[in-house]
Structures are given as structure tokens and as C-alpha cells.
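> Sequence plus predicted model, see below.
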Amino acid sequence: MRLLEGFVLRSICGEHIVTGEGLARVDFSKVISLNPSAAYLWEQIQDKDFTADDLVALLTARYDVDAERARADVDKLLASWREAGVMAE
């Protein structure tokens, strides 16, 4: 998997927001807001190929969370990124 080019994580007023650079990618009916752990993952994998296992490993290394809980969170996050159209598989 890989995040698509043209999407950038920005911090705006303490919120983590993914924005599209270039009008062809901007859909103003959706805003992608990330919590701090999702923003951390985005920063770690930007411009890299990754797997769900990579994301689980990043979460368990940084946060006090077991692999089972991290996997469930990663699955939800990847589903939301797929729906938003910000990653390719």
C-alpha cells in the first residue's frame, strides 16, 4: 500500500487535517481529520510502501497498546483511507 501523492498532512489550530494539493484532488464535501496516532502513522509512512503489519508495529512500538487492539485500529483506519481515496493498494 502507499499514500497517494498530492495529499499532505497539516496541523491547523491543533487539528491534524489531510488536504489535497491541486484542485483536481480536492473534494470540499469531505475533510479528512486524523487523531494524533493516525497523524503519527501518516508521517511515518508518507512516501513509502507499507503494509497493515507495518502500521501495527509502529503503533505497538510507540503507544501502550497490544497487537490485537492495534490491528483493529489499523483495520478501521485503512478502511477510512480507502473510502477517502487517499491510498493505493
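Structure received. Computed from a predicted model, the values in this text were never measured in an experiment.

> for residue 47, phi and psi?
Phi and psi for residue 47, reported as degrees, to the nearest 10, are phi 70, psi 20.

> Quick check: closest non-adjacent residue to it.
residue 3 (7.6 Å; CB to CB, 6 or more residues apart in numbering). All C-beta atoms are positioned from the backbone trio N, CA, C, and that covers glycine.

> That neighbour: how many residues sit nearby?
Residue 3 is flanked by 20 other residues according to other CB atoms under 10 Å.

> Now do the contacts for it.
Residue 3 makes contacts with 42, 45, 46, 47, 81, 86, 87, as judged by CB atoms under 8 Å, 6 or more residues apart in numbering.

> Where does residue 77 sit: helix, strand or coil?
Following DSSP: H, G, I helix; E, B strand; the rest coil, residue 77 is assigned to helix.

> cool, residue 33 as well?
Going by three-state DSSP: residue 33 is strand.

> Could you give the bridge partners of it?
Here residue 33 sits in beta bridges with residue 17, going by DSSP bridges.
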